[in-house]
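Engineer: from the sequence below, what's the structure:
(one chain, ligands or ions: 1)
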Amino acid sequence: MINGKPLAYLDSAATAQKPVEVIDELTRFYTEYNANVHRGVYKISEEATAAYEEARAKIARLINANSPTEIIFVRGTTEAINLVAQSWGRMNVGLGEGIILTEMEHHSNIVPWQLLAKQKGAHLKYVGLTDDGHLVHEDFRQHLELGGSKLVTMTHVSNVLGTINPVREYIREAHKQGCRVFVDAAQSVPHMPVDVQDMDCDFLAFSGHKMCGPTGIGVLYAKKAILEEMPPYHGGGEMIREVHLYESTWRDPPYRFEAGTTNIAGAIGLGKAIDYLSELGLRNIQLHDQELAEYMHDMLGKVRGVKIYGPANPRTKAGVISFNLGDVHAHDMASLLDEDGIAVRSGHHCAQPLMDRLGVSSTTRASVYIYNTEDEIDRLVESVERAGRVFKV
Ligand SMILES: Cc1ncc(COP(=O)(O)O)c(C=O)c1O
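Structural biologist: Reported below is the predicted structural model:
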C-alpha cells in the first residue's frame, strides 16, 4: 500500500518487479550452494558453476543465439555498451570514421560512443526523428551512403516514446555498407520475442532487472567471430590462459570478458526470470503490454490538456507512454499520482537529446508489464484528471 492506496506500479521501463520464484532462487543459491564458479572441485562449487552456465544457455535460447559462448555476463546494458565501445570500438573505429546513432537513444547508448569518438577522433552522426517519434529513414541512408562509418548503434524500442524501430531492415542496409550494428534491446527483450539470428545484429544488449531478474546482471550478445577478434575489456582473474610477469594470454570468449568474480547470484536469478517469462510466453507478454498501452493511449488521449509523445498509432508501439498535461511539470504530476498510489517516472528519462527534439525538459512516463491491469490504467487516468482540476488546466 502507498498512501493508503494499493500500489499501481507503472514504471517497469525503469525496472521490473520480481516474481517470488526469482527471489526464492536467490535465497536457495545463498543458503544451499553459494560458492564461486569455475574454481572449486567440490560439490557446491560444481553446482553453482552448472547453474551459472545453465543461465547462459537459457539466455542463448531466449534470443536464439548460435551458441552460449556468444553470451557475456555484464552488469547491465550500460556496461555492455561500454565494453563494446572500449574493446571492439578502440580496435575498429579510427580517425575521421563515423558512428551512426539516433536522436532517441538513452544516454547509455550515447556517452560511451562520445568517449570513444574523443579518444579516436571519430565522428558521431545522428538519425533524426519525425514529429511522431519515428526514425527519419532518409537521414540513415544519407549517413550510410556518405561512407566511412564503422558502426550503427540504435535502440530497438524507445524507453520514452515506445517506438519500435525496424532494426532488421536497418541492419540489412548497414551491412551492405560494411557497417557493424549494435542493438540496445533493454526495452525489447523483456517484452517481446527477439531473435538475434533473424535480426542479424552484430551486438545486442539488455538488462536483467528490467525483465524480472535481479539488479547488477545483464547480457552482451555478440557474434562469435567478432568476439574472438576482440581484446579484453577488464583484466583480472579467470579471463586469462597464462600470466607472466610482463604479458599474458587470454581465454576464449565468453570468459575473456568476465574478469574476476562475476555476479553469480544475479546470473542464476536471471535464468529463473527467463523460465518465468518463457512460461508466460514472450508473444503473450507482448500482446498483453500492447493491449494495455493501447487502452492507456486512448484513455489518456481523451483527458483535456494531455499531450502524448511518440507514435500516434498505439498499435505500433510498445508499452511505454510519455505525456504532459498542459504546463504542469512532470515532477509535480508524478508527485500527485504518487498520492494516489500510482508510481510513474518523470524527468528526462536519460534521453536529454530526445527531450530537446521534443522541445520539452521532461515528460511523465507510464510503462506497463506482465502484472499490470486495465483497472490500474483507469486509476492513472482518474488521477491525471484530478491533476487537471488541481492545477486548473
Ligand atoms: C533503452 C535503454 N537503454 C539502456 C538502458 C540502461 O540500462 P541499465 O541502466 O540497466 O544499464 C536503459 C535503462 O533505462 C534503457 O531504457
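
Engineer: which stretches of the stretch 201-350 of the chain form helices?
Structural biologist: Taking DSSP state H, counting those that start in this stretch as the test, the helices found in the stretch 201-350 of the chain are 224-229, 264-280, 282-301, 330-339.

Engineer: of the ones you listed, which is nearest the ligand?
Structural biologist: helix 264-280 (11.9 Å; CB to the nearest ligand atom). (Each C-beta comes from the backbone N, C-alpha and C, glycine too.)

Engineer: if we can go back for a sec, just say which of the helices of the stretch 201-350 of the chain is most tucked in.
Structural biologist: Ranked by mean neighbour count, these are led by helix 264-280 with a mean of 22 (mean count of other CB atoms under 10 Å).

Engineer: what is that one packed up against?
Structural biologist: On a contact count with 3 or more CB pairs under 8 Å, 6 or more residues apart in numbering; DSSP states H and E, helix 264-280 meets helix 20-32, helix 43-62.

Engineer: can that helix be said to contact the ligand?
Structural biologist: No: under the criterion of CB under 6 Å from any ligand atom, helix 264-280 makes no contact with the ligand; the nearest approach is 11.9 Å.

Engineer: what does that helix contact?
Structural biologist: 18-19, 21-22, 25-26, 29-30, 34, 36-37, 48, 51-52, 54-56, 58-59, 62, 73, 190, 208, 211-217, 219, 285, 370 (CB atoms under 8 Å, 6 or more residues apart in numbering).

Engineer: mean pLDDT added to the helices of the stretch 201-350 of the chain, as TSV?
Structural biologist: Output for those, formatted as TSV (pLDDT from 0 to 100):
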stretch	mean pLDDT
helix 224-229	98
helix 264-280	98
helix 282-301	97
helix 330-339	97
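
Engineer: in JSON lines: those, plus distance to residue 180.
Structural biologist: Shown next, in JSON lines, are those (distance: least, CB to CB, whole Å):
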{"stretch": "helix 224-229", "distance to residue 180": "7"}
{"stretch": "helix 264-280", "distance to residue 180": "26"}
{"stretch": "helix 282-301", "distance to residue 180": "26"}
{"stretch": "helix 330-339", "distance to residue 180": "36"}
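
Engineer: which parts of the stretch 151-300 of the chain sit against the ligand?
Structural biologist: Going by CB under 6 Å from any ligand atom, the residues of the stretch 151-300 of the chain near the ligand are 155, 159, 184, 186, 187, 207, 218.

Engineer: name the nearest residue to the last one, sequence neighbours excluded.
Structural biologist: What that stands for is residue 218. residue 76 (3.6 Å; CB to CB, 6 or more residues apart in numbering).

Engineer: if we can go back for a sec, between the helices and strands packed on helix 264-280, which one is closest to the ligand.
Structural biologist: That would be, of those and by CB to the nearest ligand atom, helix 43-62, which comes in at 15.2 Å.

Engineer: in the stretch 1-150 of the chain, which spans are helices?
Structural biologist: Going by DSSP H, counting those that start in this stretch, the stretch 1-150 of the chain shows helices at 20-32, 43-62, 77-84, 90-92, 111-120, 137-146.

Engineer: of those, which is nearest residue 225?
Structural biologist: helix 90-92 (13.2 Å; CB to CB).
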